[in-house]
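Give the three-dimensional model of this entry:
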Amino acid sequence: MNENKRMTSIARRINTSFWLKRFSDLMCFNLILILLIVGSFIYWRYEQVPNSENVERGYFTSEAGYDGLTFVLETKEGIEYPYLVRDFADRLIFPGIVLLSFEVIHLFFALFGTSQIRKKLKPLNDLAAKAEQLSSLPLDISKFESLEHAIESVSPDAPNAKISTGDKDLQSIEVALNNLLHRMKESQKQQSRFVSDASHELRTPISVIQGYVNMLDRWGKEDEKILDESIEALKHESQHMKDLIEQLLFLARGDSGRNTLNLTIFDLNEVIKEVWEESLMIDEKHIYKFVNDSGNAVDDEGRIHNPPATMRGDVAMVKQSVRIFVQNAAKYSNDGDTITFRVKASGDHVSYEIQDEGIGMQDSEVVHIFERFYRSDEARNGETGGSGLGLSIAKWIVDAHDGTIDVLSRPEFGTRFTVKFEANLTEDN
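Residues are numbered from 1 along each chain as shown. Below is the predicted model of the structure:
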């Protein structure tokens, strides 16, 4: 009962404060309205004086109270133009009564807002009462001791380790802690898998380098053919290790949030065109086509017959993602196969496509292709090489731009990657 009275008292004080604020706002509004009416009246009277007359002054005069209140404009020639204020004020009586009636009704009903405020304050009051009730409960140290013992007894290496006290009051805390424990274990598994895969990938080129170094030590000092072969192999494997380490560092920086994007506004057509031209120069084994949205190829002069596909992003990183998809397409395509580039702009999105005529993939393989170090099978590994990190890097870049990747692949028919970004539709396009 006392609690209800206290909340009612608070609601009444809040309502009184609101009412006084409304009353003050209405008074200010009325004062401004009166000044505007008076100013409009004086301006209207000045406009009634002929343009040939020069008004010297204007003043109010009254000989019989309000009924005789007159506004007079006097010219330099001594001519007076009087106007009874009452004639003007009579026109404002009806709208003035309507306005004042509305204000009075508004203020009157505002007086009875206490119950509404009390209703809105009830959830907060219930929360405060519950908190006060909880604070007054006796602290059961044994519950926390049992929870502490349950946490200490959990083995972090056990596969199905869970925290359990058997106390219903601590059940919600147990669920939260067990969920946290599960996420930590999953993170640990991913980290262990990543380290294991990285070690495996680095072990291969290191073994090759060691083998050629041993061969050089035994026979290469005198055999020029072995010397040339070993030097070429060492250059190739060291470059492979360098590329792998750079990819690992890129992903590590991405995981820690240290890869920053240099955002600018650009036309996606130009980026795809640059990668297409690069591919024509460095790879003569495949046919590269850049087609527009209608399927027509870019003309001989390299002109793009596409509408602008403007987006906001990091040009260098977007270009890197395109190169990765193109290299992937070339890697799994036969000599003479066609690799097609396409850019589309549709509504509030822009996208690019890289399509090949290669060996394709099963649906069961597609769901794993963006996992780090994943390669579909041993035959592909042996034939094509690679670290299995390229598509993971491309996925990171697209995700960093809030984009999406759609993969369509069929065995023996090829694969198409469609990367979609949000278009930049601002006026500075």
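
After the helix or strand hosting residue 247, heading C-terminal, what element do we hit next?
In the assignment (DSSP states H and E), residue 247 maps to helix 224-255. The C-terminal neighbour of helix 224-255 among helices and strands, as given by DSSP H and E, is strand 263-267.

That next one: partners in the sheet, and parallel or antiparallel?
Paired strands of strand 263-267, with direction, are strand 310-314 (antiparallel) (DSSP bridges).

If you count neighbours, what's buried in the partner strand?
310-311, 313-314 (16 or more other Cβ atoms under 10 Å). Backbone N, C-alpha and C define where each C-beta goes, glycine included.

For whichever helix or strand comes after that strand, what does the pLDDT average out to?
Moving toward the C-terminus from strand 310-314, the next helix or strand (DSSP H and E) is helix 315-331. Averaged across helix 315-331, pLDDT comes to 92.

tell me which residues in the helix or strand following helix 315-331 are buried?
Next in sequence after helix 315-331, counting helices and strands by DSSP H and E, comes strand 338-346. Using 16+ other Cβ under 10 Å as the burial criterion, the residues of strand 338-346 that qualify are 339-345.

Next, the angle from strand 338-346 to helix 315-331.
Here strand 338-346 runs at an angle of 140 degrees relative to helix 315-331 (axes from the mean of the first three to the mean of the last three Cα atoms, to 10 degrees).

What pairs with strand 338-346, parallel or antiparallel?
Sheet neighbours of strand 338-346, with direction, are listed as strand 287-291 (parallel), strand 349-355 (antiparallel) (DSSP bridges).

Pick the most deeply packed of the ones you listed.
Compared across the strands paired with strand 338-346, strand 349-355 shows the largest average neighbour count, a mean of 21 (mean count of other Cβ atoms under 10 Å).

chain center to it, what's the gap?
21 Å (Cα atoms, centre = their mean, to the nearest Å).

residues in contact with it?
268, 272, 309-311, 322, 325-326, 329, 339-344, 414-423 (Cβ atoms under 8 Å, 6 or more residues apart in numbering).

so what are the domain limits for the protein?
2-133, 189-255, 263-422 (automatic domain parsing).

Show me the one of these that comes nearest residue 166.
Among the domains of the chain, the nearest to residue 166 by Cβ to Cβ is domain 2-133 (25.4 Å).

thinking again about what came up before, closest one of the buried residues of strand 338-346 to residue 107?
Comparing the buried residues of strand 338-346 against residue 107 with Cβ to Cβ picks out residue 345 as the nearest, at 57.6 Å.

and the closest one, bridged to which residues?
Residues in a beta bridge with residue 345, per DSSP bridges, are residue 350.

Next: residue 73.
residue 58, residue 81.

what's near enough to touch it?
45-46, 49, 55, 57-58, 80-81.

Off-centre distance for the helix holding residue 247?
Worked out by Cα atoms, centre = their mean, helix 224-255 lies 37 Å from the chain centre.
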